[in-house]
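Peer 1: no sequence on this one, just coordinates:
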């Protein structure tokens, strides 16, 4: 039957939620790293006992921790993130050039095949890689050296590289997304990059169809279809069938196409999940109803999933890294809110129940399916 | 021995020892004390001062003998009470944020 481990990063520490394959009873451990803001933690697909965690505070900076026993114990590893060579500038909020400066690690993406290799997406936007279990970090500087980089601008949360998607069919292909520059792809293991934003339209930039400058919130893909990508943009849910060469909108009948996370069903490549949020000015669900929307048609046709979720007076947000799926059958879907709830569905979203209700604001949720 | 008191977040990293005793050769300065502290506990590198520039992080303060020494130059001698171990050097998270 297997079991499930949910890794939850919050504003004030990390929590590990565990259940057997029935997913009825959950054990909660934590807070790990109490008081530290844990933007993300994620387990290695190659060795689920290996988990990496990004913990930071505005006072004491960035730490990376790793566990080799499934989150029971942790050890700090390397926290030196230095841009390679001349840092150059990007645009600041007022349009002036601003030197690249490391702030924190938003996302950790372990290699699909090697537990010792892990990628880090950081603010100010850049991609780093460690091949020794997180001890030493080296920038894949081709991304930051892209000719468009001096024009990149931060989103409201900072200029962060928040999404890293590795390709199970091609180890040299990497997708990343940056707020607010857009999506980029490398076909040579991170040496060189190009924007993949054709088809995106963003009213918040002077040229709505510009090559870069889009606030992409999240990318997702199914492992069996690495050429098919789904995107939750600042506004608009998008789809690409050609590895990002072009995008088309699939927002369809969503009550709002603003949102942060997007996930793909582990067994149904055309089934996707989003959480509509009312607007970029009102970071809460439309009508005070917390609804996950599921499309079984790869977009455009969406159904509201509400059973077990609050349907009145709910004004929480669900952040970009705060949704995940397990790979049991039927699959589990999980998401965390800025109100500190982590909701779980053990039937592909048909019904929901909270695992925990009163954590600090949830920043990230990852699911591990264990044998 | 030099006594250094760490704030909550950093105590977690060194085993919850609120006060750390360090042997520091003269001259006893912020730089020499932090060098010794980071040598003893490498996990603290980057948490009190930037790893590349060795500048104090903006929201870290350094107090001793009821004085704010945060803006002293790193090579300025620390008060004699700190150098003799009579008073601790306090590493403090600035009162900012939540």
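Peer 2: Happy to help now that I have it. None of these values were measured; they are calculated from a predicted model.
Peer 1: okay, residue A:344 and residue A:6: tell me how far apart.
Peer 2: Applying Cβ to Cβ, to the nearest Å, the value for residue A:344 to residue A:6 is 8 Å. In short, each C-beta sits where N, CA and C put it, glycine included.
Peer 1: likewise for residue A:324?
Peer 2: Residue A:324 is 7 Å from residue A:6, by Cβ to Cβ.
Peer 1: more neighbours, these two?
Peer 2: residue A:6 (25 against 22; other Cβ atoms under 10 Å in any protein chain shown).
Peer 1: element containing that one, please.
Peer 2: Here residue A:6 sits within strand A:3-10, counting by DSSP states H and E.
Peer 1: give me the sheet partners of that strand and which way each runs.
Peer 2: Applying DSSP bridges to the sheet, strand A:3-10 is found paired with strand A:13-20 (antiparallel), strand A:362-370 (antiparallel).
Peer 1: out of those, deepest packed?
Peer 2: Among these, strand A:362-370 has the highest mean neighbour count (mean count of other Cβ atoms under 10 Å in any protein chain shown), at a mean of 23.
Peer 1: please name whichever of the strands paired with strand A:3-10 is nearest to residue A:301.
Peer 2: Nearest to residue A:301 among the strands paired with strand A:3-10 is strand A:362-370; the distance by Cβ to Cβ comes to 25.6 Å.
Peer 1: what comes into contact with that closest one?
Peer 2: A:2-11, A:37-43, A:48, A:70, A:319, A:321-328, A:332, A:334-338, A:340-342 (Cβ atoms under 8 Å, 6 or more residues apart in numbering or on different chains).
Peer 1: now whatever helix or strand residue A:263 lives in, how far from the chain's geometric center?
Peer 2: Applying DSSP H and E as the criterion places residue A:263 in strand A:258-264. Here strand A:258-264 is found 9 Å from its chain centre; the criterion is Cα atoms, centre = their mean, to the nearest Å.
Peer 1: likewise for stretch A:21-32?
Peer 2: With Cα atoms, centre = their mean, you get 22 Å for stretch A:21-32.
Peer 1: which residues touch the spatially most central residue of chain A?
Peer 2: Chain A has residue A:321 as the residue nearest its centroid, 3.4 Å off, counting by Cα atoms, centre = their mean. The contact partners of residue A:321, taken as Cβ under 8 Å, 6+ apart, are A:9, A:39, A:40, A:106, A:107, A:162, A:218, A:261, A:363, A:364, A:365, A:366.
Peer 1: tell me what the first one is bridged to.
Peer 2: Translated: residue A:9. residue A:14, residue A:364.
Peer 1: test my guess that it contacts residue A:42.
Peer 2: No - between residue A:9 and residue A:42 there is no contact under Cβ atoms under 8 Å: 9.3 Å.
Peer 1: higher neighbour count, those two?
Peer 2: Neighbour count, other Cβ under 10 Å: between residue A:9 and residue A:42, residue A:9 has more, with 30 against 24.
Peer 1: check the gap between that one and residue B:12 for me.
Peer 2: For residue A:9 relative to residue B:12 (Cβ to Cβ), the value is 16 Å.
Peer 1: same question, residue B:28
Peer 2: Taken as Cβ to Cβ, the span from residue B:28 to residue B:12 is 26 Å.
Peer 1: what parts of chain B come near chain A?
Peer 2: B:7-10, B:12-13, B:43, B:45-48, B:51-52, B:57, B:59-60, B:93-94, B:96-97 (Cβ under 8 Å from any Cβ of the partner chain).
Peer 1: what count of nearby residues applies to the residue of the stretch 101-250 of chain A found nearest chain B?
Peer 2: Nearest residue of the stretch 101-250 of chain A to chain B, counting by Cβ to the nearest Cβ: residue A:102, 9.5 Å away. Residues near residue A:102, counting by other Cβ under 10 Å, number 21.
Peer 1: swap in residue A:52?
Peer 2: Using other Cβ under 10 Å: residue A:52 sits among 27 other residues.
Peer 1: now for it: which residues touch it?
Peer 2: Per Cβ under 8 Å, 6+ apart, neighbours of residue A:52: A:41, A:42, A:43, A:44, A:64, A:65, A:66, A:108, A:110, A:118, A:134.
Peer 1: just to check, the third one is in contact with residue A:53?
Peer 2: No - with contacts counted by Cβ under 8 Å, residue A:43 stays clear of residue A:53, the gap being 10.1 Å.
Peer 1: looking at the two, which is more packed in?
Peer 2: For the pair residue A:43 and residue A:53, the greater number of neighbours falls to residue A:53 (28 against 24), based on other Cβ under 10 Å.
Peer 1: what's the closest non-adjacent residue to that one?
Peer 2: residue A:41 (3.8 Å; Cβ to Cβ, 6 or more residues apart in numbering or on different chains).
Peer 1: which element, helix or strand, includes the one you found?
Peer 2: Assigned by DSSP H and E, residue A:41 falls in strand A:37-43.
Peer 1: packing partners for that strand?
Peer 2: strand A:3-10, strand A:13-20, strand A:51-57, strand A:104-110, strand A:362-370 (3 or more Cβ pairs under 8 Å, 6 or more residues apart in numbering or on different chains; DSSP states H and E).
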